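*Asks:* Just to be clear, the model below is a prediction. Sequence and coordinates:
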Amino acid sequence: MKNAKSNKFHKRSEEELNDFIKKLDLQALETAEERLPLYLEVGLKDAKFVLDVGCGSGFVTRDIARLTKGKVIGIDGSSSLIDVAKKILKEYSNTKLCIGNAEQLPFKNNSFDIVTCNLLLMWADDPKKVLSEMARVTKPKGKVLASLEPDYGGKIHWPENPKVDLLFAGEAIRKKGGDPHIGRKLRALFISAGLETKIGIGNNRIWSCEEDKHYYLHSRDFYIKVLKDAGLSGEEIDEWEYEYLKSLDEGVQLNFFPQFYAIGTKPKS
């Protein structure tokens with residue numbers, strides 16, 4: 001059946017797509033405070049031509065379009081996500097969307113002032129090729145920005161639950177074909193693309209228990225689905241959720257999840 005097929009670009013079945021889009025919306029909201037300073041640092045406000053690779057549902061592209069008067073092109077391999085992005089961006093006259101492969105960008109060399117991506121490289125089959133293409137279409141002295149790429153291997157959580165923590169420390173991402181350790185590889189990827197590179201961690205602040213609880217309740221369906229897909233019984237999930245929410249209400253829960261960024265400058269030819 002068509003709906004059971006997996007889309008190779010976002011690596012989710014069509015049945016999972018709606019939940020995925022809701023999660024993208026929440027991620028865009030929650031990471032805005034980390035991404036916006038990076039857009040200013042790379043000169044987005046004064047850029048004339050910007051490319052957002054792996055634009056997905058358009059929620060992050062919308063932030064980019066708000067910050068510049070330049071032309072913003074969003075490209076994604078999923079026609080389903082592009083359809084969503086068209087609705088999200090319909091009020092922004094400075095945006096254009098197209099379907100295409102990040103490993104073979106359909107643009108000429110040295111075309112854009114800024115080329116950016118967000119949560120793309122962790123899902124790319126060949127992130128080195130994607131970075132090479134992003135650098136190719138960037139103008140000399142232009143900027144390549146990966147605004148958010150996580151590293152689940154550096155995730156810290158207390159109180160611990162060995163069975164569940166393993167899933168949320170990257171195992172679920174790996175099973176879907178993603179690279180849960182992409183954050184630590186950003187410097188090597190950017191250097192291999194010939195870029196002068198700066199690496200950093202965007203999320204230095206640790207959320208309060210109230211913030212963690214709000215995020216969990218908003219994303220609860222996603223978490224429960226991950227646990228069910230991993231084979232946990234309803235009783236095991238209920239027990240985990242009870243202990244997790246209890247630790248949040250008691251104010252003792254701590255989560256730290258490193259999310260890396262990279263800024264690359266393309267040398268003059």
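*Replies:* Structure's in. What do you need?

*Asks:* can we go C-alpha only for contacts and neighbour counts from here?
*Replies:* Fine.

*Asks:* Give the residue spans of this protein that score low on pLDDT.
*Replies:* Along the chain, the model assigns pLDDT under 70 to residues 1-26, 28.

*Asks:* residues in contact with the residue positioned nearest the centre of it?
*Replies:* In the chain, the centroid-proximal residue (C-alpha atoms, centre = their mean) is Leu119; its distance is 2.1 Å. By C-alpha atoms under 8 Å, 6 or more residues apart in numbering, Leu119 lies in contact with 146-150.

*Asks:* just so I have it, where are all the strands in the stretch 151-269 of the chain?
*Replies:* Counting by DSSP state E, counting those that start in this stretch, one finds strands in the stretch 151-269 of the chain at the ranges 156-158, 196-201, 254-256, 259-265.

*Asks:* closest to Glu243 out of those strands?
*Replies:* Judged by C-alpha to C-alpha, the one of the strands of the stretch 151-269 of the chain that comes nearest to Glu243 is strand 156-158, at 11.3 Å.

*Asks:* Helices of the stretch 51-200 of the chain, start to end?
*Replies:* Remark: helices assigned in the stretch 51-200 of the chain by DSSP state H, counting those that start in this stretch are 59-67, 79-88, 127-136, 162-166, 172-175, 186-192.

*Asks:* Out of the strands of the stretch 151-269 of the chain, indicate the one that is most buried.
*Replies:* strand 259-265 (a mean of 23; mean count of other C-alpha atoms under 10 Å).

*Asks:* my guess is Tyr261 meets Val144, correct?
*Replies:* No. Using C-alpha atoms under 8 Å, Tyr261 is not in contact with Val144; the gap is 10.7 Å.

*Asks:* burial measure for Leu217, as a count.
*Replies:* When counting by other C-alpha atoms under 10 Å, one arrives at 12 neighbours for Leu217.

*Asks:* make that Asp221, sorry
*Replies:* 11.

*Asks:* for the one 10 residues further on, same thing?
*Replies:* Burial of Gly231, expressed as a neighbour count using other C-alpha under 10 Å, amounts to 11.

*Asks:* repeat for Met134
*Replies:* Neighbours of Met134 under the rule other C-alpha under 10 Å: 30.

*Asks:* That one against Val115, yeah?
*Replies:* Yes. Applying C-alpha under 8 Å as the test, Met134 and Val115 come out as touching, 6.3 Å apart.

*Asks:* what sits in contact with each of those two?
*Replies:* Common neighbours of Met134 and Val115, counting by C-alpha under 8 Å, 6+ apart, are Val144.

*Asks:* quick one on the thing from earlier: between the helices of the stretch 51-200 of the chain, which gets nearest to Asn255?
*Replies:* Per C-alpha to C-alpha, nearest to Asn255 of those: helix 162-166, 11.0 Å.

*Asks:* How far off centre is the closest one?
*Replies:* How far helix 162-166 lies from its chain's middle: 23 Å, per C-alpha atoms, centre = their mean, to the nearest Å.
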